[in-house]
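In: I need the structure of the sequence given here:
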Amino acid sequence: MKNRAKIYDPAEAHHLVMKVSVVSIVVNILLSVMKLLAGIIARSGAMISDAVHSASDVFSTIIVIIGINLSSRKSDTEHQYGHERMECVAAMVLAVVLAATGLGIGYTGVVKILSFSAEGIEIPGRLALAAAVISIIVKEWMYWYTRRGAERINSGALMADAWHHRSDSLSSAGAFLGILGARLGYPVLDPLASIIICMLIAKAAYDIFRDAMDKMVDKSAPDEVVADMRLVIAQQKGVAGIDEIKTRLFGAKVYVDVEIAADGSQPLTESHQIAERVHHAVEENFPAVKHCMVHVNPLPPSEKTKRR
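Out: Next comes the predicted model:
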């Protein structure tokens with residue numbers, strides 16, 4: 001599959017988000033209705049639980065739209081560094097909603113298992129199996145479709161929405177196994193599948209929440225990205241060495257603070273030009289960088305050759 005270029009223009013990125021989100025909402029509504037009807041007709045608790053999960057994805061996509069719209073707003077006097085972290089807030093809300101959905105599904109499964117000895121559990125019909133297979137195929141396609149969009153605009157919230165699709169695909173697989181097991185003479189496997197679905201959803205929610213939290217608490221950029229930045233900075237004319245480089249994630253963006261060493265005997269204007277070259281080189285080579293702050297430390301002439 002051909003890789004598509006990343007998008008950094010805000011207007012183009014917003015258009016892509018809306019396109020992916022509309023497709024996601026329409027598909028999830030259709031799947032939810034299909035799985036709910038199949039679950040009711042075929043008497044499958046796992047399929048009904050799966051339908052609830054798909055329905056929650058509609059709400060999740062709406063949160064993504066709101067979060068990305070807020071994060072794309074320009075800086076103002078009260079938010080001089082921008083609003084990028086609103087996307088992290090959206091991702092954290094998605095994680096909480098996803099976790100709550102999973103716990104509800106798991107609780108339902110536990111209750112059915114505990115009451116199994118009383119009246120037993122109805123065996124699901126074939127329609128539930130067919131619905132599960134369709135759901136797996138469609139949701140896996142939605143996962144890759146949304147993931148590609150998220151990667152193109154470096155969006156954590158949209159990536160979280162992609163993982164909602166993947167978790168739905170996994171939950172449908174769990175539902176399929178539970179329904180099949182129930183039809184083979186092990187009806188307790190149907191509510192057991194709901195508990196497995198609960199655990200899968202909880203894991204996805206935890207990963208999404210942790211990623212969003214990392215971006216909220218100024219986690220540094222990946223080591224390989226920092227290493228590439230060092231190479232770019234060291235190649236700039238007039239840079240005698242790199243004393244320190246710090247990075248911090250700010251939503252989908254990155255802030256960079258770097259201290260470089262330069263000849264201390266040269267004029268201030270020349271030192272400023274070196275800093276400008278480093279500043280522009282970092283921002284041009286790493287489009288995710290929102291701002292690069294450069295500080296120049298004077299290097300004694302005797303150490304010029306050592307620090308290169």
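
In: just how off-centre is whatever helix or strand residue 50 lives in within its chain?
Out: According to DSSP states H and E, residue 50 maps onto helix 45-71. Centroid separation for helix 45-71 versus its chain: 14 Å, with Cα atoms, centre = their mean, to the nearest Å.

In: Phi and psi next, for residue 264.
Out: Reported as degrees, to the nearest 10, the phi and psi values for residue 264 are phi -70, psi -10.

In: I meant residue 247, not that one.
Out: The phi/psi pair for residue 247 (degrees, to the nearest 10) is phi -130, psi 150.

In: ditto for the one 10 residues further on
Out: Summarising the backbone geometry of residue 257 under the convention degrees, to the nearest 10, its torsions are phi -120, psi 120.

In: My read is that it contacts residue 293, right?
Out: Yes - the pair residue 257 / residue 293 is scored as a contact, 4.8 Å apart, by Cβ atoms under 8 Å. Using the backbone N, CA and C atoms, a C-beta is placed for each residue, glycine as well.

In: average model confidence for stretch 127-141?
Out: Computed over stretch 127-141, the mean pLDDT rounds to 88.

In: which stretches of the stretch 201-308 of the chain form strands?
Out: With strands called from DSSP state E, counting those that start in this stretch, the stretch 201-308 of the chain shows them at 241-250, 253-263, 289-299.

In: Of those, which stretch is the most buried?
Out: strand 253-263 (a mean of 20; mean count of other Cβ atoms under 10 Å).

In: Check the offset of that one from the chain's centre.
Out: Taking Cα atoms, centre = their mean, the mean C-alpha location of strand 253-263 is offset from the chain mean by 28 Å.

In: helices or strands next to the helix holding residue 50 in the packing?
Out: Contacts defined by 3 or more Cβ pairs under 8 Å, 6 or more residues apart in numbering; DSSP states H and E place helix 45-71 against helix 10-41, helix 85-114, helix 126-153, helix 156-183, helix 189-216.

In: Give the buried residues for it.
Out: For helix 45-71, burial by neighbour count (16 or more other Cβ atoms under 10 Å) applies to 45-61, 63-65, 67-69, 71.

In: Looking at the helices and strands packed on helix 45-71, which one is packed in the most?
Out: Buried most deeply of the helices and strands packed on helix 45-71, by mean count of other Cβ under 10 Å, is helix 156-183, with a mean of 26.
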